[in-house]
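>>> What shape does this take:
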Amino acid sequence: MAAGGFCKLPSGSVVVALNLPRPGADGSGGVRVLVHAANRSRALTRLRNLGLRPVYLRGNMAPPTPDEITAVLHHPDGLIWRTAPTPETVTVTELWHPIRALLGRPAAPPAPA
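Next up is the predicted model:
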């Protein structure tokens, strides 16, 4: 697995950040995925349940930045992604996307009133 890491929040929950290859791509580029969960195991289980089976967190080489933590905490699903930064790109201006946009799943229908 490429770079990844986690940050434990004061509430006891964690934010896990992983750089993964783009699903279904030919290996050109990757994505940075952020997951908010009760613990690291549950964060990885959320990704595995979405079909990203070979997901492991080894070490804490690339923990989430404060901006990334803020982004995932303010998203209703607590699971977001964007293109992973490369050495050529110092800053990333791309917005965060919900995970369903990465996996090609349609948006959930609105709840009945």
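
>>> Bridged to the residue positioned nearest the centre of the chain, which residues?
Ranked by distance to the mean C-alpha position of the chain (C-alpha atoms, centre = their mean), the top residue is Val33 at 1.9 Å. Per DSSP bridges, the residues bridged to Val33 are Leu18, Trp81.

>>> Could you check how far it is from Thr83?
11 Å (C-beta to C-beta, to the nearest Å). Backbone N, C-alpha and C define where each C-beta goes, glycine included.

>>> and what of Asp77?
19 Å.

>>> same thing with Leu34?
With C-beta to C-beta as the criterion, Leu34 and Thr83 are 13 Å apart.

>>> higher neighbour count, these two?
Leu34 (24 against 14; other C-beta atoms under 10 Å).

>>> Please name the nearest non-neighbouring residue to that one.
Val72 (4.2 Å; C-beta to C-beta, 6 or more residues apart in numbering).

>>> Can you report how many residues lie near the one you found?
Per other C-beta under 10 Å, the neighbour tally for Val72 reads 22.

>>> Kindly confirm my reading that it is in a helix.
Yes: assigned with DSSP: H, G, I helix; E, B strand; the rest coil, Val72 falls within a helix.

>>> what sits against it?
Val15, Leu34, Val35, His36, Pro64, Gly78, Leu79, Ile80, Trp96 (C-beta atoms under 8 Å, 6 or more residues apart in numbering).

>>> Relative to Gly4, which of the residues you listed is nearest.
Distance to Gly4 across these (C-beta to C-beta) is lowest for Pro64, with 9.5 Å.

>>> quick one, helices of this structure?
Remark: helices assigned in the chain by DSSP state H are 40-49, 66-73, 99-103.

>>> and of these, who's closest to Val55?
Closest among the helices of the chain, using C-beta to C-beta: helix 40-49, at 4.7 Å.

>>> returning to that earlier point: export the helices of the chain to TSV and append columns for mean pLDDT and distance to Arg58.
Converted to TSV, these look like this (pLDDT from 0 to 100; distance: least, C-beta to C-beta, whole Å):
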stretch	mean pLDDT	distance to Arg58
helix 40-49	90	11
helix 66-73	94	19
helix 99-103	78	22
